[in-house]
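Visitor: One predicted model, sequence on top.
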Amino acid sequence: MTGETKETIEIQKALFSEGGKLKKYQMLILGRTGLSSLMKYELIVGLTGWVPGAFGLLMRSKLYPKLLGGCGRNVTFGTNVVLRHPGKIYIGDNVVIDDNCVLDAKGQDNRGILIGHGVFIGRNTILNCKNGDIVLENNVNIGFNCMIFSASHVRVGADYLIAAYCYLVGGTHRFDNPELAVLHQPRESRGIVLKPGGWLGAHVTVFDGVTIGRNAVIGANSAVNQDVPDYAVAAGVPVRVLKNRKESVTDAPPKKVSVGIVNFNGESVLAATLDSVLKQDYAGIDQVVVADNASTDESLALIEKKYPDVKIIRLPDNRGPNPARNAVIRNSSADYVLLMDNDIVLNPDVIRLLVQAMETVPEAGIAGAQIRYAGDPGKIQYNAAHIHYAGGAIANRFPFDDPVIVGAVPAGTLLIHRERAVKIGLWDEDYFYGWADGDFAFRMTISGFPCVHVAGARVFHAKEKAGLSWVRLQVRNRWWFMLKTYHWRTLFFLLPAILVNQLAMFVFLTLKGRMIDFIAGSFNVWRTLPVVLNKRKQVQALKRVKDRDVLSGRPMDMMGAVKPSPPLRLMNVLLNGFFSVYWVLVRRLIH
């Protein structure tokens, strides 16, 4: 008997097995035990789930997101919406989930349900996981009384239209043994993929293992038991292709990408980096450029000898990576520019995945990759972050490989929209180290060009985290960031929390023997204040998004890469509690 079959049967038996009924209920509905989680769930669902009318919609829009793994803005929950294992449900912005829908993300080691931006789920529709994942990309529209079942993975591409009474069967029972009940025979699942832009007519059934191509149309009452190619019109039981919608249409050329590598004394790592760029499976690479910060090793000789087609931009001195990044952007005419460090190795699909993400979120300004340790490829080093209002980073814990909007992406590898980067004033060349990527990404965001993180685009970094080696610049640059980008009203109302955070950092760094660095960094803020305020005018003039819509009050790890002692861990918990309460009190008061 397979693991999938065992899990299915055990779920059915769980309510009748020995043991506490409360614990069984928690595991079935919440996926975890814990009295506080249970009380929160019961109060929110019991008090608001059934309430009709506008008042019910308002209450659920405010309270249901608190049960979920993640939830965007302007999400509507109809009456009697059922959420099971809600901590594994992630919902984007502007989503409508109509009356009597069921979102069931149950499973032991699955990631759950991901619903993108602008999705509509019609009444009585069921999304049911049995240790599988369901992904609905942006702008999927599902009619009423549909069923999507996943025992491994089901993905519905962006802008997909699914009419009423459709059934996506992402798993099936074997029935090889005629002497054994089908219920007890092995279960298998190969998954279902519906590529973007298609349409399922009413009463269509899609069977396990099927991929339906981009912009394909499936006629009503069809049974889809085989793959359907891109742009096909297909119908029947079983389905067969009737015609191709695109026989006379040619594909648009891929968007052009310039690749820019920032280098300083990278002789030992550059070859691996350049080789990984040249092995990309994306056809639109316009040029590969190395911007060199006055290296003193044989980096440039290596490039000239082994990579003669790579263009070199020679900078007169080393003022950090930002001047080099700007030089790459200024010397490009491509649609996008991929900026990367000289010790990064790309998976072959990275550029293609980042471009796809930018096209999926057409207003985006940046798409960032997931950075892993080259020496330990299974371990994540940077997975993007959200910006904490008190001046800190909140680790992105989104478990899917799909694009997700974040507050900041790591500068080690990111794809930028060239024209939008120019519009916001490029990278701030006064940052040498620390908060440079946060500053650039946040200025993009508040100018109306959000950052997209793509965990499926994986790169591998040869260096470890910097730890406390750049404390002075980190302290100074954090203040620069807030003074430049926050509205004055935001600074006024958040100042008490910001000062508490600064005090906590002072205590922490004093215990680590870096008090002088903290003081020097803080003093440097005031010494450079006229310059910062002048930059602030330019940033605020481009601002299109309110601070409260992009800042966050979720818990942050204030110790960063440093392993704290038990007292410091306790301080971290207490401070995050204070910051959470303070955020609730002032969020509506800031800009």
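Guide: Nice, thanks for sending it over. These numbers come from a predicted model, not from an experiment.
Visitor: Moving C-terminal from the helix or strand hosting residue 490, which element do we reach first?
Guide: Per DSSP states H and E, residue 490 falls inside helix 488-511. Counting by DSSP H and E, the next helix or strand C-terminal to helix 488-511 is helix 515-527.
Visitor: Could you give me the buried positions within the lengthiest strand in the chain?
Guide: Across the chain, the longest stretch assigned as strand under DSSP state E is strand 451-461. Neighbour-count burial for strand 451-461 flags 451-461 (criterion: 16 or more other Cβ atoms under 10 Å). To be clear about C-beta, it is placed using only N, CA and C from the backbone, and glycine gets the same treatment.
Visitor: need the contact list for the most centrally placed residue in the chain.
Guide: Per Cα atoms, centre = their mean, the C-alpha nearest to the average position across the chain is that of residue 404, at 2.9 Å. By Cβ atoms under 8 Å, 6 or more residues apart in numbering, the contact list for residue 404 reads 384, 396, 398, 452-453, 455.
Visitor: still on that earlier bit, nearest to residue 265 among the buried residues of strand 451-461?
Guide: In terms of Cβ to Cβ, no member of the buried residues of strand 451-461 lies closer to residue 265 than residue 461, at 16.6 Å.
Visitor: Give the closest residue to the closest one in space, chain neighbours not counted.
Guide: Excluding the flanking residues, the one nearest residue 461 by Cβ to Cβ, 6 or more residues apart in numbering is residue 371, at 5.1 Å.
Visitor: Show the contacting residues for the one you found.
Guide: Going by Cβ under 8 Å, 6+ apart, the list of residues near residue 371 reads 344, 380-383, 410, 412-413, 459-461.
Visitor: Shouldn't it be within a helix?
Guide: No - using DSSP: H, G, I helix; E, B strand; the rest coil, the secondary structure at residue 371 is strand, not a helix.
Visitor: For it, list each beta-bridge partner.
Guide: On the basis of DSSP bridges, residue 371 is bridged to residue 382, residue 459.
Visitor: What of residue 366?
Guide: Counting by DSSP bridges, the residues bridging with residue 366 are residue 416, residue 451.
Visitor: gap between it and residue 339?
Guide: 10 Å (Cβ to Cβ, to the nearest Å).
Visitor: Report the set of residues contacting both of those two.
Guide: Counting by Cβ under 8 Å, 6+ apart, the common neighbours of residue 366 and residue 339 are 414-416.
Visitor: which one among these gets closest to residue 579?
Guide: Distances from residue 579 to the shared contacts of residue 366 and residue 339, taken by Cβ to Cβ, are shortest for residue 414, at 27.8 Å.
Visitor: Looking at the record's assignment, how would you partition the chain?
Guide: Using automatic domain parsing, the domain parsing of the chain gives 3-244, 257-461, 471-586.
Visitor: Now that residue 442 has come up, it's in contact with residue 482, right?
Guide: No - judged on Cβ atoms under 8 Å, residue 442 makes no contact with residue 482 at a distance of 9.8 Å.
Visitor: Give me the more crowded residue out of those two.
Guide: Using other Cβ atoms under 10 Å as the criterion, residue 442 and residue 482 rank with residue 442 on top: 25 against 22.
Visitor: Show me what the host helix or strand of that one is packed against.
Guide: Using DSSP H and E, residue 442 falls within helix 436-446. With contacts taken as 3 or more Cβ pairs under 8 Å, 6 or more residues apart in numbering; DSSP states H and E, helix 436-446 sits against strand 366-373, strand 385-388, strand 451-461, helix 471-485.
Visitor: returning to that earlier point: the residue nearest to the centre of the chain belongs to a strand?
Guide: Yes - looking at residue 404 with three-state DSSP, it is inside a strand.
Visitor: about what we covered before: any chance of the domains of the chain in CSV, with mean pLDDT too?
Guide: Listed next are the domains of the chain as CSV, based on pLDDT from 0 to 100:
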stretch, mean pLDDT
domain 3-244, 89
domain 257-461, 93
domain 471-586, 88
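Visitor: Buried residues in the helix holding residue 442, which are they?
Guide: 436-446.
Visitor: re the thing from before, buried among the contacts of residue 371? Make that a ChimeraX selection.
Guide: Listed next is the ChimeraX selection for buried residues among those, using 16+ other Cβ under 10 Å:
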select :344,381,382,383,410,412,413,459,460,461
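Visitor: and stretch 288-303, C-alpha only, in CSV?
Guide: Extracted C-alpha coordinates of stretch 288-303, given in CSV (Å, rounded to 0.1, in the frame of the first residue of the first chain):
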residue,chain,number,x,y,z
VAL,A,288,27.3,40.1,-21.0
VAL,A,289,29.2,42.9,-19.2
VAL,A,290,31.7,42.8,-16.3
ALA,A,291,31.9,46.1,-14.4
ASP,A,292,35.3,46.1,-12.7
ASN,A,293,36.0,48.1,-9.5
ALA,A,294,39.8,48.6,-10.2
SER,A,295,40.8,44.9,-9.5
THR,A,296,44.4,44.3,-8.7
ASP,A,297,44.4,40.5,-9.5
GLU,A,298,44.2,38.8,-12.9
SER,A,299,40.4,39.0,-13.3
LEU,A,300,40.4,41.1,-16.4
ALA,A,301,43.2,39.1,-18.1
LEU,A,302,41.1,36.0,-17.5
ILE,A,303,38.1,37.6,-19.2
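Visitor: any chance of the shared contacts of residue 366 and residue 339 in TSV, with neighbour count too?
Guide: Formatted as TSV, the shared contacts of residue 366 and residue 339 follow (neighbours: other Cβ atoms under 10 Å):
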residue	neighbour count
414	25
415	30
416	32
